[in-house]
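**Student:** I need the structure of the sequence given here:
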Amino acid sequence: MSWLERRTPADLPPRSRFGIDEATRQGARAIVEDVVARGDQALREHGARLDGLAAGAALILEQDELRRALDETEPAIRGLLERTAARIARFSAAQRDALRPIDVVIEGGRAGHTVAPVARAGCYAPGGRYPLPSSVLMTAVTAQVAGVEHIVVATPRPSPLMLAAAAIGGASRVMPLGGAQAIAALAFGTETIEPVDVIVGPGNRWVTAAKQLVAGQVGIDMLAGPSELLVLADGHADPATIAADLLAQAEHDADAMPVLVTTAPELVDAVEAALTRQLEGLPTRSVAEPALQRGYAVVCGSLERAVAVCDALAPEHLQLSVTRPAELLPRLRHYGAAFLGEGSAEVLGDYGAGPNHVLPTAGGARFGGGLSVLDFSRVRTWMTLDGSPEALVRDAAALARLEGLEGHARAAERRTAPSAARHPRREVRTWVRCAP
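**Tutor:** Numbers count the residues shown, from 1 in each chain. Presented below is the predicted three-dimensional model:
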């Protein structure tokens, strides 16, 4: 059976649009506006309808409950979560340390910037078919390393495993809700939920639509669509390994996008055969098959053409199954995360080698990158002038007048006016009343 549709470099499909249809957009808006208007009551009603929230159940799970779940976690699983968290934390700390305060000389004084974390962050973790403790760790650990004081993890129907991951990740609380209702509560707050400053994390189309609606009220990391993997392979690549990578991506979601771009036409047939073999007995076959049928293969006449195809698609994950991946990487411009060589499996990145797995999709790699400590940080500038250099004042005033802002120009020029003009002497008048 042929799994991957054959396409040419001139016949690439249009980029997806984050998977948000108009019905979802309008439905998410209605939920967000309802939560804003009615607070906890609306949150409970939508939570009961969509998340299975029990009547009277807590809208917030406090740290003692997270700690209890962690203490009751099987030691082997706890150790696995803690090792993964440590790897994520090491990489996040290196990113944090790469952005430092600066203090530089400018005309007439000094200027610089400071780097400060946001105070409160909301970390969304999907809780649909499978609980995703890896997403809890990827978001919460990164926020903790950035220095965020208050971290709320939102996830529907949280299992003890998810609560344990939240405890390891440094979460302050867990909100057992998902979808647009969770995003609305995080962004605007309710009687029980305090609003946050930034919301991050992957989710379904309802989560993505709600994040788009609240952006500006809070910061968001990105708008996520269906997950993507592009394998760029030459004739030396192993078909069975490529098939395994494509299947790992396909089992995420029926809307996932597995893509093969290759300079070796014969490789496509070999990968197809490997896919057929590996699908036998795969427990997630019912999800993986429709995703494979959405995917496609592109045969290119040269490596240069293959690079151009990759850049046009700007994939979330880019697996470089070529003989010299390190030499090829500088020629590629648009990707969320790159995995160099067949040994550097994308799934190892997904499961905590260090770099974050929350990545831009649907062409978002053209203008953004993966989740990092920067998403939880604010770069704030400062300036101090010992005096006001005449050239700087003159240019500022001239620019202000070009824009028709005379008040700006006068405020600038006042800095070089003579002291007496800036601080005029007050005239004191006295009077004497004489009796008639």
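**Student:** Tell me the first helix or strand C-terminal of the longest helix belonging to the chain.
**Tutor:** Counting by DSSP state H, the longest helix found in the chain is helix 75-98. Proceeding N to C from helix 75-98, the next assigned helix or strand is strand 102-106, under DSSP states H and E.
**Student:** Mind jotting down where the helices sit in the stretch 1-150 of the chain?
**Tutor:** Ranges of helices in the stretch 1-150 of the chain, per DSSP state H, counting those that start in this stretch, are 22-38, 40-50, 63-71, 75-98, 133-146.
**Student:** out of the ones you listed, deepest packed?
**Tutor:** Burial of the helices of the stretch 1-150 of the chain is given as mean neighbour count (mean count of other CB atoms under 10 Å); helix 133-146 ranks first at a mean of 27. C-beta coordinates here come from the backbone N, C-alpha and C atoms, glycine included.
**Student:** returning to what we had before: now the longest helix of the chain against helix 133-146, angle please.
**Tutor:** 40 degrees (axes from the mean of the first three to the mean of the last three CA atoms, to 10 degrees).
**Student:** Please save the CA atoms from helix 75-98 in PDB.
**Tutor:** Output in PDB follows, covering the C-alpha atoms of helix 75-98 (Å, rounded to 0.1, in the frame of the first residue of the first chain):
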ATOM      1  CA  PRO A  75      10.300   5.200  42.700                       C
ATOM      2  CA  ALA A  76      11.300   4.200  39.200                       C
ATOM      3  CA  ILE A  77       8.800   6.600  37.600                       C
ATOM      4  CA  ARG A  78       9.700   9.400  40.000                       C
ATOM      5  CA  GLY A  79      13.300   8.900  39.100                       C
ATOM      6  CA  LEU A  80      12.500   9.000  35.400                       C
ATOM      7  CA  LEU A  81      10.600  12.300  35.900                       C
ATOM      8  CA  GLU A  82      13.300  13.800  38.000                       C
ATOM      9  CA  ARG A  83      16.100  12.900  35.500                       C
ATOM     10  CA  THR A  84      14.100  14.400  32.700                       C
ATOM     11  CA  ALA A  85      13.400  17.600  34.600                       C
ATOM     12  CA  ALA A  86      17.100  17.900  35.400                       C
ATOM     13  CA  ARG A  87      18.100  17.700  31.700                       C
ATOM     14  CA  ILE A  88      15.500  20.300  30.800                       C
ATOM     15  CA  ALA A  89      16.700  22.600  33.600                       C
ATOM     16  CA  ARG A  90      20.300  22.400  32.600                       C
ATOM     17  CA  PHE A  91      19.600  23.400  29.000                       C
ATOM     18  CA  SER A  92      17.200  26.200  30.200                       C
ATOM     19  CA  ALA A  93      19.700  27.500  32.600                       C
ATOM     20  CA  ALA A  94      22.300  27.800  29.800                       C
ATOM     21  CA  GLN A  95      19.800  29.700  27.800                       C
ATOM     22  CA  ARG A  96      19.000  32.000  30.700                       C
ATOM     23  CA  ASP A  97      22.700  32.700  31.300                       C
ATOM     24  CA  ALA A  98      23.200  33.600  27.600                       C
END
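**Student:** And the average pLDDT for it is what?
**Tutor:** Here helix 75-98 scores 97 as its mean pLDDT.
**Student:** before we move on, what about stretch 161-174?
**Tutor:** 98.
**Student:** Go through that stretch and flag the buried ones.
**Tutor:** Within stretch 161-174, the residues scored as buried using 16 or more other CB atoms under 10 Å are 161-174.
**Student:** can you list those residues in CSV and add secondary structure and distance to Glu74?
**Tutor:** Shown next, in CSV, are the buried residues of stretch 161-174 (DSSP: H, G, I helix; E, B strand; the rest coil; distance: CB to CB, whole Å):
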residue, secondary structure, distance to Glu74
Leu161, helix, 10
Met162, helix, 15
Leu163, helix, 14
Ala164, helix, 10
Ala165, helix, 13
Ala166, helix, 17
Ala167, helix, 14
Ile168, helix, 14
Gly169, helix, 18
Gly170, coil, 21
Ala171, coil, 20
Ser172, coil, 25
Arg173, strand, 24
Val174, strand, 20
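**Student:** re the thing from before, who touches the longest helix of the chain?
**Tutor:** With contacts defined as CB atoms under 8 Å, 6 or more residues apart in numbering, helix 75-98 is touched by 70, 73, 133-134, 137-138, 141-142, 144-147, 161, 164-165, 168-169, 351-356, 372-374, 377.
**Student:** Present the helices of the stretch 1-150 of the chain as JSON lines; the columns should include distance to Ala111.
**Tutor:** Formatted as JSON lines, those follow (distance: least, CB to CB, whole Å):
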{"stretch": "helix 22-38", "distance to Ala111": "40"}
{"stretch": "helix 40-50", "distance to Ala111": "45"}
{"stretch": "helix 63-71", "distance to Ala111": "41"}
{"stretch": "helix 75-98", "distance to Ala111": "21"}
{"stretch": "helix 133-146", "distance to Ala111": "24"}
